[in-house]
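Undergrad: fold the following and give me the result.
(chains A and B)
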Amino acid sequence: MSELVIKNLNVSIGDRPILKDFSLTIPKGEVHALMGPNGTGKSTLAKALSGHEDYEITSGEVLLDGENIVGMEADGISRSGLFMAFQYPSEIPGVTIANFIRAALTARLEEGQNFSAPAYYKELYQHMDELKIDRSFTSRAVNEGFSGGEKKRCEILQMAMLKPKYAVMDETDSGLDIDALRIVAEGVNRMRGPDLGVLVITHYQRLLDYIVPDKVHVMWDGRIVKTGGPELARELESRGYDWVKEELAEPVA
Amino acid sequence: MTTTIESTESETLRIGDAAVFEQRQQQFGMAGDWFAALQIENWKRYLELPRPTRVSEKWRFANIRFLDELENFCVAPLRAVDEPSLLERSERLSKVSGRLTFVDDNLAAPRTMSPELESKGVIFATLVDALARYPDLVKKHFMKHSPDLGSDKYEALHVALLRNGVFVYVPKGVVVEDPFIVNYWNQADDVAIFPHTTVVCEDDAKVTVLEFQESLNPDAAGLVIANAHMIAGDRAQPTHDIVQNWNRKTLSFQLNTNTVGAETNARGLIINLGSRQARQEVHGRILGSNSNVEMYSLNVPRGEQEFDQRTLQTHVAPKSRSDLLYKNALSDDTRTIFSGLIIVEPDAQQTDAYQKNNNLMLSESAEANSLPGLEIGANDVKCSHGATSGRIDESELFYFLARGIPKHKAQELMVFGFF
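TA: Just a heads-up that it's a prediction; the model follows:
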């Protein structure tokens, strides 16, 4: 039960099928990496899992600790415990980070539960310090005018505050310099543990030097075609994705 | 004709009844022959002026059918208020210079006022008291200016039938730090009220008046014809903020003027939340040089509310600045109309005048109309006007949802962000 199970997921954008019988299981406590060339459907998976209505799930199931989240609204999916770290986080003018995260936490309160502002700020500042985000950012509008690195650190900050059961990190390494990459990776590593399952979507192996995955999956044309340990990521890095394509082509030939 | 002021349901007349004005005068005639004469004159003016029509430019885009309903409302009877929470709900802030609270045009709680300010000659009084105690001062300032923006008929009705209000007077050089609180409540069904606030801020004086307009009964249909006039001398710093939150069955008018002298900093803010339909007219008149006048309005219509807002910024003297900003966040099937005009008279060289109307459309079926205008008679001025209209960005909304924030809460935060 304590796992995120994606079963035969088919997803279309408009009439175009992108994910084709995609299946993947992430047990809690593990970090999995999903790699693959551009255009194989990695980001589509992320958007579809998070409940974006432009991505139509035509069939399949996504079981979060046994609960099917397919068909749920995006906000419900988030509150069920699935967190999406976006490749391109939106800028929200006029809404401060402190108020944004507070609203997200308030939405998770059960009836009769009270929000404690002092405890909130204490925890927020602690995570901000760890992620080397200046405390003055609490009163800045969400992502507005942030650098690429600041946006990604802000995503990790939200993840730390919301304490999801599962997190999908969509190309979190894109646009990051090596220092920012290290800070982000350390942030994720701090959260690793028996209560969190993580899917790291990435194009490059670089991030996986810092967030060492338990398993690596290679995606091609809408489904997973190869699974291995961390060494698979290094192999892809040295041999390129063409090698996977060739290997795939073999049985057909 | 009855001579008692104990009025009962059967004796209460409607605005459309021929005898209503005479009855009103008998019951609530206020001090001063000049005042009685002014009311008689305005009643005549009300009867004579034609009802605005669809083709009137000053009512363009407005849904004017509600004007047919106005004469069905009764004038407010004199009666005791039965609402235990009234005092608490009328407190608003703990640190204030004074409070006045009315329910259906009746003074509903004893006036409070800082004795220290009283000793400095500051007046914060009901209009009834002010007419009795300071007749010359009231006569000098009462209804000397008009918005001239289309509601002359209803302004005349206001003067004819009003029977109370607030008169604020701050003498030269006196600074009032804490705000005065004015509460106008409506309560009875089918009743018309005529809130009136005149604020006089003499040279080098400073004052803030916070006015709250609310309904004690969410289901009572009401008519409100409110006036607010701010008169500022030189180097004065008056602020008059109004929160309009009548219930959704009330029809309301807010007819305001802000008249300022030289080197003055004046602000008028109106927040509109309530009313079924609200008509707002504000005329800023800048008679002196080097003044700065701010005219703001924040509007959050929901359901089927219509907010119809007309403004005038008249620059008579040179080198002054006026800044008008009207922001609307429209939900559901709401309508807003903003029609603003900047007039720069030939002598008003080096005027800086700005006028902006920004609309955030939260629904496909909401409608925002914007009619900005300029009329410039001087040749060395900086004026700009503009209107923007934007929808909530879908990707921004998704970002909220993806963090578990429900759509209605996301919209609320985005509206706060817009303001």
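Undergrad: and the residue in the stretch 51-200 of chain A positioned nearest to chain B, what does it touch?
TA: When Cβ to the nearest Cβ is the measure, the stretch 51-200 of chain A has its nearest residue to chain B at A:Gly94, with 2.2 Å between them. For the C-beta atoms, the positions are set from N, CA and C on the backbone; glycine is no exception. If a contact means Cβ atoms under 8 Å, 6 or more residues apart in numbering or on different chains, then A:Gly94 has A:Ala141, B:Met414, B:Phe416, B:Gly417, B:Phe418, B:Phe419 as its contacts.
Undergrad: again, but for B:Phe400
TA: Listed by Cβ under 8 Å, 6+ apart, the contact set of B:Phe400 reads A:Asp75, A:Ile92, A:Phe100, A:Ala103, B:Lys407, B:Lys409, B:Ala410, B:Leu413, B:Met414.
Undergrad: can you select the buried ones among the contacts of A:Gly94 for me in ChimeraX?
TA: Remark: buried members of those, expressed as a ChimeraX selection using 16 or more other Cβ atoms under 10 Å in any protein chain shown:
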select /A:141 /B:414,417,418
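Undergrad: possible to save the contacts of A:Gly94 as a markdown table with secondary structure, distance to B:Gln25 and pLDDT?
TA: Conversion of those to a markdown table gives the following (DSSP: H, G, I helix; E, B strand; the rest coil; distance: Cβ to Cβ, whole Å; pLDDT from 0 to 100):
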| residue | secondary structure | distance to B:Gln25 | pLDDT |
| --- | --- | --- | --- |
| A:Ala141 | strand | 57 | 95 |
| B:Met414 | helix | 51 | 90 |
| B:Phe416 | helix | 47 | 88 |
| B:Gly417 | helix | 51 | 89 |
| B:Phe418 | helix | 47 | 90 |
| B:Phe419 | coil | 44 | 88 |
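Undergrad: out of the contacts of A:Gly94, who's nearest B:Phe35?
TA: B:Phe419 (40.3 Å; Cβ to Cβ).
Undergrad: can you show me the strands along the stretch 51-200 of chain A?
TA: A:56-64, A:67-68, A:82-85, A:92-96, A:141-142, A:166-170, A:197-202 (DSSP state E, counting those that start in this stretch).
Undergrad: how much space separates B:Glu364 from chain A?
TA: Applying Cβ to the nearest Cβ, to the nearest Å, the value for B:Glu364 to chain A is 16 Å.
Undergrad: where does that residue land in three-state SS?
TA: coil (DSSP: H, G, I helix; E, B strand; the rest coil).
Undergrad: count the neighbours of it for me.
TA: Applying the criterion other Cβ atoms under 10 Å in any protein chain shown, we find 7 residues in the vicinity of B:Glu364.
Undergrad: next up, the contacts around it.
TA: No contacts exist for B:Glu364 under Cβ under 8 Å, 6+ apart.
Undergrad: equivalent analysis for the one 3 residues further on, please.
TA: By Cβ under 8 Å, 6+ apart, the contact set of B:Glu367 is B:Leu330, B:Thr334, B:Arg335, B:Thr336.
Undergrad: could you do B:Gly173 as well?
TA: Residues in contact with B:Gly173 (Cβ under 8 Å, 6+ apart) are B:Glu202, B:Asp203, B:Asp204, B:Ala205.
Undergrad: adding neighbour count and distance to chain A, write the contacts of B:Glu367 out as CSV.
TA: Supplementary listing: those in CSV, determined by neighbours: other Cβ atoms under 10 Å in any protein chain shown; distance: Cβ to the nearest Cβ, whole Å:
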residue, neighbour count, distance to chain A
B:Leu330, 25, 17
B:Thr334, 24, 21
B:Arg335, 21, 24
B:Thr336, 25, 20
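Undergrad: re the thing from before, in helices, which of the contacts of B:Phe400 fall?
TA: Applying DSSP state H to the contacts of B:Phe400, the entries found in helices are A:Asp75, A:Phe100, A:Ala103, B:Lys407, B:Lys409, B:Ala410, B:Leu413, B:Met414.
Undergrad: so what sits opposite the spatially most central residue of chain B in the bridge?
TA: Residue closest to the mean C-alpha point of chain B, counted by Cα atoms, centre = their mean, is B:Gln254 at 3.7 Å. When bridges are assigned using DSSP bridges, the partners listed for B:Gln254 are B:Ala226, B:Gln280.
Undergrad: hmm, back to that, could you dump the contacts of B:Glu367 to TSV with secondary structure, pLDDT and distance to B:Ser151?
TA: Conversion of the contacts of B:Glu367 to TSV gives the following (DSSP: H, G, I helix; E, B strand; the rest coil; pLDDT from 0 to 100; distance: Cβ to Cβ, whole Å):
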residue	secondary structure	pLDDT	distance to B:Ser151
B:Leu330	strand	96	23
B:Thr334	coil	97	21
B:Arg335	strand	97	18
B:Thr336	strand	98	17
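Undergrad: which two in those residues are spaced the farthest apart?
TA: Between all members of the contacts of B:Glu367, the longest pairwise span (Cβ to Cβ) is found for B:Leu330 and B:Arg335 and amounts to 7.8 Å.
Undergrad: now the common contact residues for the two.
TA: Common contacts of B:Leu330 and B:Arg335 (Cβ under 8 Å, 6+ apart): B:Pro301, B:Ala366, B:Glu367, B:Ala368.
Undergrad: so B:Cys74 sits against B:Ala220, correct?
TA: No: with contacts counted by Cβ atoms under 8 Å, B:Cys74 stays clear of B:Ala220, the gap being 11.6 Å.
Undergrad: the two: which is more packed in?
TA: Neighbours around B:Cys74 and B:Ala220, counted as other Cβ under 10 Å, are more numerous at B:Cys74. The numbers are 21 against 18.
Undergrad: so the more buried one bridges to which residues?
TA: Beta bridges link B:Cys74 to B:Arg14, B:Val191 when assigned by DSSP bridges.
Undergrad: how much space separates it from A:Lys226?
TA: 82 Å (Cβ to Cβ, to the nearest Å).
Undergrad: no more questions from me, cheers.
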